[in-house]
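S.K.: give me a model of this one.
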Amino acid sequence: MKESFYNIVKGKFLVSDEALKNWRFIIFLSLLALIMIASSHNADKKVHEISSLNAQVKELKSEYVDVRMQLMQTRMESKIIAAMEGQGLQPSTTPPKRIRIVKEED
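M.R.: This is a model prediction of the structure:
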């Protein structure tokens, strides 16, 4: 066991007669490590993209609430009356009349 440990430390497994098997395994492990690193980087990119999209969603939701509040305020009758007084229009003092159309039967 001690001898095999020294052979590994000295690197004899890389230059021995059966070194081709060992090199294939080392290359295979290296490729697996590269694939794992690439996969990890892709996952990190997606996490950052998701967090930025979540921030955009929060921003758009708050903008939606603000615009909705402004719309509700501008639709109020008092705001409309105040805006029209600036143009010289006033609300009618007489109520509207209902017009009824009766169809004549032939």
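S.K.: after the worst-scoring helix or strand of the chain on mean pLDDT, next one along is what?
M.R.: Least confident helix or strand, the chain: helix 12-15 with a mean of 74, by mean pLDDT, DSSP states H and E. Once the chain leaves helix 12-15, the next helix or strand it forms, by DSSP states H and E, is helix 19-74.
S.K.: what is that next one packed up against?
M.R.: When contacts are defined as 3 or more Cβ pairs under 8 Å, 6 or more residues apart in numbering; DSSP states H and E, helix 19-74 packs onto helix 12-15. Any C-beta I mention is one placed from the backbone N, CA and C, and that applies to glycine too.
S.K.: just to revisit the earlier point, list the buried residues for the least confident helix or strand of the chain?
M.R.: Within helix 12-15, the residues that qualify as buried are F13, counting by 16 or more other Cβ atoms under 10 Å.
S.K.: ok, and what's touching that helix?
M.R.: Applying Cβ atoms under 8 Å, 6 or more residues apart in numbering, the contact partners of helix 12-15 are 7, 19, 22-23.
S.K.: flag the shaky bits of the chain, pLDDT-wise.
M.R.: Applying pLDDT under 70 to the chain picks out residues 106.
S.K.: can you tell me the centre-most residue of it?
M.R.: Residue closest to the mean C-alpha point of the chain, counted by Cα atoms, centre = their mean, is L53 at 2.6 Å.
S.K.: ok, back up a step: of the contacts of helix 12-15, closest to V65?
M.R.: V65 has its nearest neighbour among the contacts of helix 12-15 in W23, at 63.6 Å by Cβ to Cβ.
S.K.: contacts only, for that closest one.
M.R.: W23 makes contact with L14, according to Cβ under 8 Å, 6+ apart.
S.K.: how about 10 Å then?
M.R.: 13-14 (Cβ atoms under 10 Å, 6 or more residues apart in numbering).
S.K.: cool, and L53?
M.R.: The contact partners of L53, taken as Cβ under 10 Å, 6+ apart, number zero.
S.K.: what about it, distance to N42?
M.R.: Distance, L53 to N42, by Cβ to Cβ, to the nearest Å: 16 Å.
S.K.: D66 now?
M.R.: 37 Å.
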